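J.: Structure for this input, please:
(2 chains)
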Amino acid sequence: MFLALRELRFAKVRFGLMGAVVALIAVLMVMLSGLSVGLVRDGVSGLQNLPVTSFAFERGVQHDAAFSRSVVDVSAVDAWRSRPGVAEAAPYGNALINAKSDRGVDIDLALFGVAPDSFLSPEVSEGSRLNGPDGIVVAGTALDAGLRIGDTITVDRLGTKLRVIGATGGQDTFGHVDVAYVPLPAWQLIKAGVRQGGTVPEQATRDITAVAVRAEPGASVDLAAGDAAAGTESLTLEESYGASPGYTAETSTLQLIQGFLYAISALVVGAFFAVWAIQRRHEVAVLRAMGASRSWLLRDALTQAFLLLVAAVAIGAGIGVGLGSLITGGGVPFALSAPSVTAAAAGIVMLGLVGAGAAVARIASIDPATALGGNR
Amino acid sequence: MTSQAAPAPGPREGDTSTPDRRTPDHEGLVMTGVCLQHGDGSETVQALDDVDLAVRPGELAAIVGPSGAGKSSLLAVAGGLATPDRGTVTVAGIDITAVGARARAKLRREHIGFVFQSGNLIPALTALDQLRLPLRFRPRRARSGRDPMKLLADVGMADKAGRHPHRLSGGERQRVGIARALVTEPSVLLVDEPTAALDRARSHEIVRLLAREAGQHGVAAVMVTHDHDVLEHCDTVYEMVDGRLTALT
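T.: Next comes the predicted model:
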């Protein structure tokens, strides 16, 4: 570190410019990380907030569209309730609707049909919990979109009227749409397309999207055996995220961009240190002639790269977090989390070190005899 | 033609110190029957041809000769930077041709000092740090050596200890380079064209300094030079032509 620190101090402009590039990459990485987390929350926070460990969908359903395509008979709930390791099982319905409030607010909602007395019935921060046949609990973010407790919303085309009686505390969204918890019978009518005052088909009152299952704490539920008994096809809660509209495409796109940025980071840092190593060839030959071991030189060069990367990434991540805090809460789905920012920063440092390591490894091959004579 | 071992150097004018603890039997530099070939394009060049050389502690030996005669090759072999095809090289009683690259690097850290053309100082280091650096190559517990600040004072550079190389003159850089080579208390000092970029007065000053330090501290010094003006300060002079070494004095 003796030489590494002094070179960093001496060549401030050179290392400063390189650090600025790494810092910019870190800013981009933090912003992308924030977008990733934001999009995930926008896509599946409603599912994440459910006290569920798995969903049992219709057997053979297309996994990436399970929430919209699956239809399960409500009798499957009892089959799951009796499975070993299952703490609770309840019917769950899912439907996306367009609606308009009586104060003229147009809003899209993801209806989560739940039995008001089941473990799926949400806690509220305002108003009251699910109780009547047409009362709904909306996500706290739906209030930001213009709904008020006490509003009546009308479902487009069907004319079904629902009353907003409560709101959850934070963000509850599914497929970038605010969640509204609806009593299961009301959800079944909407899902079946029954107009206000229309005839209700008998089967409509038996259909649900899936069985929501909560395992006992620490217990492992044999999903395959449960599916065989109930005639369903289970996905864990995390697997079910992929069934949220657009979730897989969005997350994989962002992961791809992040992957490219990591690669660019490694290449940029590697290229810088490769040029730096070439410029130092004669100096390194002198050091080796003086008795510096290869390991001493490599350790010194990697320490230099590490210090540069850590400082630049810390500055970049700080700027990224600052910019991110300005965006958070606006229209852009953006959310910063300490683990994701830390992971992004650590990723740049690690891959930067890999790039630098590959570049400075050539130091080991420099012939110390070139320090003699007029070699330059 | 091969050289003979030179007689032990006598005390120089103004040199009242005594050589240090090293004994001529085990210290210094001894090269015996050294041959080295290396490629030059499609041809093979005999860089060193049966070279014998013995330099005792406290002795400053100069090697002159035209460019391409093999002077740098001799320094490379003597310093363990190149392995001869034949012959032996002994530094401080250790046959460096019989050990591996890591052991040779250790030997350079502990027993050999190099003075390069124009000092070849590290741009990022101050004069004082240039001297601290070689001590850092050693394990922490083995970082003995001469006091860098005192050594800088000995070569007349104490007042410029905080300066970087670009703020030093050519002569000053070379003084720092000499001090850097001596800070580890080497047995052998290998000096490569120390006056190449210096005027006449500075050249004499630098070679006088080398001779004084070698004599005072019992270092066996070999200096390769084109500059015949400075040979008066050397104990022995050799000429190298086409890889063969001949004693002139």
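J.: okay, CA-based contacts and neighbour counts for the rest of this
T.: Fine.
J.: Would you mind measuring from residue A:215 to residue A:81?
T.: Using C-alpha to C-alpha, to the nearest Å, one gets 10 Å for the distance from residue A:215 to residue A:81.
J.: who touches both of these two?
T.: Residues touching both residue A:215 and residue A:81 (C-alpha atoms under 8 Å, 6 or more residues apart in numbering or on different chains): A:87, A:88.
J.: Where do the helices of the chain begin and end?
T.: Using chain A here. If DSSP state H is used as the criterion, the helices of chain A fall at A:2-10, A:12-48, A:66-69, A:75-81, A:140-144, A:184-192, A:223-230, A:237-240, A:247-279, A:281-289, A:294-327, A:338-360.
J.: looking at chain B here, not the other one
T.: Along chain B, counting by DSSP H, helices occupy B:71-78, B:101-111, B:127-136, B:148-154, B:170-182, B:200-217.
J.: I figured residue A:155 was touching residue A:187, is that so?
T.: No - Residue A:155 lies out of contact with residue A:187 (C-alpha atoms under 8 Å); the separation is 11.2 Å.
J.: Looking at the two, which one has more neighbours?
T.: residue A:187 (24 against 21; other C-alpha atoms under 10 Å in any protein chain shown).
J.: Contacts only, for that one.
T.: Residues near residue A:187 by C-alpha under 8 Å, 6+ apart: A:93, A:95, A:111, A:112, A:113.
J.: repeat for residue B:203
T.: By C-alpha under 8 Å, 6+ apart, the contact list for residue B:203 reads B:171, B:194, B:195, B:230.
J.: circling back: could I get the helices of chain B as CSV with distance to residue A:68 and mean pLDDT?
T.: Converted to CSV, the helices of chain B look like this (distance: least, C-alpha to C-alpha, whole Å; pLDDT from 0 to 100):
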stretch, distance to residue A:68, mean pLDDT
helix B:71-78, 78, 93
helix B:101-111, 69, 90
helix B:127-136, 68, 94
helix B:148-154, 78, 91
helix B:170-182, 77, 91
helix B:200-217, 89, 90
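J.: Now distance to residue A:241 too, for these, in a markdown table please.
T.: Below are the helices of chain B laid out as a markdown table (distance: least, C-alpha to C-alpha, whole Å):
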| stretch | distance to residue A:241 |
| --- | --- |
| helix B:71-78 | 67 |
| helix B:101-111 | 57 |
| helix B:127-136 | 56 |
| helix B:148-154 | 66 |
| helix B:170-182 | 66 |
| helix B:200-217 | 77 |
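J.: Please name the bridge partners of the residue nearest the centre of chain B.
T.: The residue lying closest to the centre of chain B (C-alpha atoms, centre = their mean) is residue B:190, at 1.5 Å. In this entry, residue B:190 is beta-bridged to residue B:114, residue B:222, by DSSP bridges.
J.: Number of residues surrounding residue B:158?
T.: 16.
J.: for residue A:238, that is, sorry about that
T.: The number of residues packed near residue A:238 is 14, by other C-alpha under 10 Å.
J.: Report the separation between it and residue A:49.
T.: The separation that residue A:238 has from residue A:49, given C-alpha to C-alpha, amounts to 12 Å.
J.: Likewise for residue B:69?
T.: Residue B:69 is 83 Å from residue A:49, by C-alpha to C-alpha.
J.: More neighbours: these two, which one.
T.: Taking other C-alpha under 10 Å, residue B:69 and residue A:49 do not tie; residue B:69 has more neighbours (20 against 14).
J.: Return the residues in contact with the more buried one.
T.: Residue B:69 touches B:47, B:240, B:241, B:242, B:243, counting by C-alpha under 8 Å, 6+ apart.
J.: For it, give its distance to residue B:225.
T.: Using C-alpha to C-alpha, residue B:69 is found at 12 Å from residue B:225.
J.: buried ones in stretch B:219-231?
T.: Across stretch B:219-231, burial judged by 16 or more other C-alpha atoms under 10 Å in any protein chain shown covers B:219, B:220, B:221, B:222, B:223, B:224, B:225, B:226, B:227, B:230, B:231.
J.: residues near residue A:88, how many?
T.: Residue A:88 is flanked by 21 other residues according to other C-alpha under 10 Å.
J.: For residue A:181, see how far away it is.
T.: Relative to residue A:181, and taking C-alpha to C-alpha, residue A:88 is found at 19 Å.
J.: Where does chain A get nearest to chain B, residue-wise?
T.: Residue nearest to chain B within chain A (C-alpha to the nearest C-alpha): residue A:291, separated by 4.4 Å.
J.: what about that residue, how many neighbours?
T.: Using other C-alpha under 10 Å, residue A:291 has 30 neighbouring residues.
J.: from what I can see it touches residue B:113, true?
T.: No - look at residue A:291 against residue B:113 with C-alpha under 8 Å: they stay out of range, at 9.1 Å.
J.: In the chain, where is pLDDT below threshold?
T.: You didn't pick a chain, so chain A it is. A:373-376 (pLDDT under 70).
J.: wait, chain B
T.: Scanning chain B for pLDDT under 70 picks out B:1-26, B:141-143.
J.: That one against chain A: which residues are in contact?
T.: Proximity of chain B to chain A (C-alpha under 8 Å from any C-alpha of the partner chain) is limited to residues B:72, B:75-76, B:81-82, B:102, B:105-109, B:112-114, B:116-117, B:120, B:122, B:124-125, B:133-134, B:136-137, B:192-193.
J.: Let's see that with 6 Å instead.
T.: Counting by C-alpha under 6 Å from any C-alpha of the partner chain, the residues of chain B close to chain A are B:72, B:76, B:81, B:105, B:108, B:109, B:124, B:137.
J.: And the furthest pair within these?
T.: Among the residues of chain B next to chain A, the pair separated by the greatest distance (C-alpha to C-alpha) is B:72 and B:124, at 26.6 Å.
J.: who's more crowded, these two?
T.: The residue with more neighbours, out of residue B:72 and residue B:124, is residue B:72; 23 against 20, by other C-alpha under 10 Å.
J.: Now do that one against residue B:243, distance only.
T.: 10 Å.
J.: Then residue A:3?
T.: Taken as C-alpha to C-alpha, the span from residue A:3 to residue B:243 is 37 Å.
J.: Tell me which of those two has more neighbours.
T.: Under the criterion of other C-alpha under 10 Å, the comparison of residue A:3 against residue B:243 puts residue B:243 first, with 25 against 20.
J.: Residue 145: neighbour count?
T.: By default, I'm working from chain A. Applying other C-alpha under 10 Å, we find 13 residues neighbouring residue A:145.
J.: meant chain B, my bad for not saying
T.: 15.
J.: Next to chain B, which bits of chain A? Give me the list.
T.: Near chain B, when you scan chain A using C-alpha under 6 Å from any C-alpha, you find A:7, A:10, A:291, A:292, A:369, A:373.
J.: Tell me who's in contact with the fifth one.
T.: Contact analysis of residue A:369 by C-alpha atoms under 6 Å, 6 or more residues apart in numbering or on different chains lists B:76, B:81.
J.: And for the third one?
T.: For residue A:291, the set of contacting residues under the criterion of C-alpha under 6 Å, 6+ apart consists of B:105, B:108, B:109.
J.: so how far is residue B:101 from the closest residue to the first one other than its chain neighbours?
T.: In space, residue B:105 comes closest to residue A:291 once its chain neighbours are excluded; the distance is 4.7 Å by C-alpha to C-alpha, 6 or more residues apart in numbering or on different chains. Distance of residue A:291 to residue B:101, computed by C-alpha to C-alpha: 10 Å.
J.: same check, this time on residue A:129
T.: According to C-alpha to C-alpha, residue A:129 and residue B:101 sit 79 Å apart.
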